[in-house]
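>>> Sequence first, then the predicted structure:
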Amino acid sequence: MECPRCQGSIEELSLGEVSTVMCSSCGFADIPVEHVREGEETESWRDAFNRFYEE
């Protein structure tokens with residue numbers, strides 16, 4: 001099997017009934033992730049420092 005990122009060699013790793021693939025050359029791991037940000041707006045450094053000093 002060939003890595004989709006760097007065309008290196010892919011290894012399959014298993015633990016019990018769970019398995020995944022990874023490339024030791026570039027670090028690619030076939031792990032599904034959600035790239036949609038959820039939650040509040042990012043706090044600015046100024047607001048973070050103000051909150052820190054108020055507490």
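Here it is on my side, so go on.
>>> What is the burial count for the residue lying closest to Cys23 once chain neighbours are set aside?
Closest residue to Cys23 apart from its sequence neighbours, by CB to CB, 6 or more residues apart in numbering: Cys3 at 3.9 Å. C-beta: built from backbone N, CA, C; applies to glycine. By the measure other CB atoms under 10 Å, the count of residues near Cys3 is 19.
>>> Cys3 contacts Ala29, correct?
No. Look at Cys3 against Ala29 with CB atoms under 8 Å: they stay out of range, at 10.3 Å.
>>> anything in contact with each of those two?
Counting by CB atoms under 8 Å, 6 or more residues apart in numbering, the shared contacts of Cys3 and Ala29 are Cys23.
>>> one step back: contacting residues around the residue nearest to Cys23?
With contact set as CB under 8 Å, 6+ apart, Cys3 has these partners: 9-10, 23, 25-26, 28.
>>> repeat that with 6 Å
For Cys3, the contact set (CB atoms under 6 Å, 6 or more residues apart in numbering) comprises 10, 23, 28.
>>> What of Cys26?
5-6.
>>> and it, how far is that from Glu55?
Distance, Cys26 to Glu55, by CB to CB, to the nearest Å: 43 Å.
>>> Check Glu17 too.
Applying CB to CB to Glu17 and Glu55 gives a distance of 46 Å.
>>> Okay, and the closest residue to Ile31 other than its chain neighbours sits in which element?
Closest residue to Ile31 apart from its sequence neighbours, by CB to CB, 6+ apart: Thr20 at 6.1 Å. Here Thr20 sits within strand 18-23, counting by DSSP states H and E.
>>> Helix or strand next in line after that strand, which one?
Taking DSSP H and E, what comes next after strand 18-23 is helix 45-54.
>>> Send me that following helix as CSV with only the CA atoms.
What follows is helix 45-54, C-alpha atoms only, in CSV (Å, rounded to 0.1, in the frame of the first residue of the first chain):
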residue,chain,number,x,y,z
TRP,A,45,-4.3,38.0,24.0
ARG,A,46,-5.4,41.4,25.5
ASP,A,47,-8.7,40.0,26.7
ALA,A,48,-7.0,36.9,28.1
PHE,A,49,-4.5,39.0,30.0
ASN,A,50,-7.3,41.3,31.3
ARG,A,51,-9.3,38.3,32.4
PHE,A,52,-6.2,36.8,34.1
TYR,A,53,-5.4,40.0,36.0
GLU,A,54,-9.1,40.5,37.1
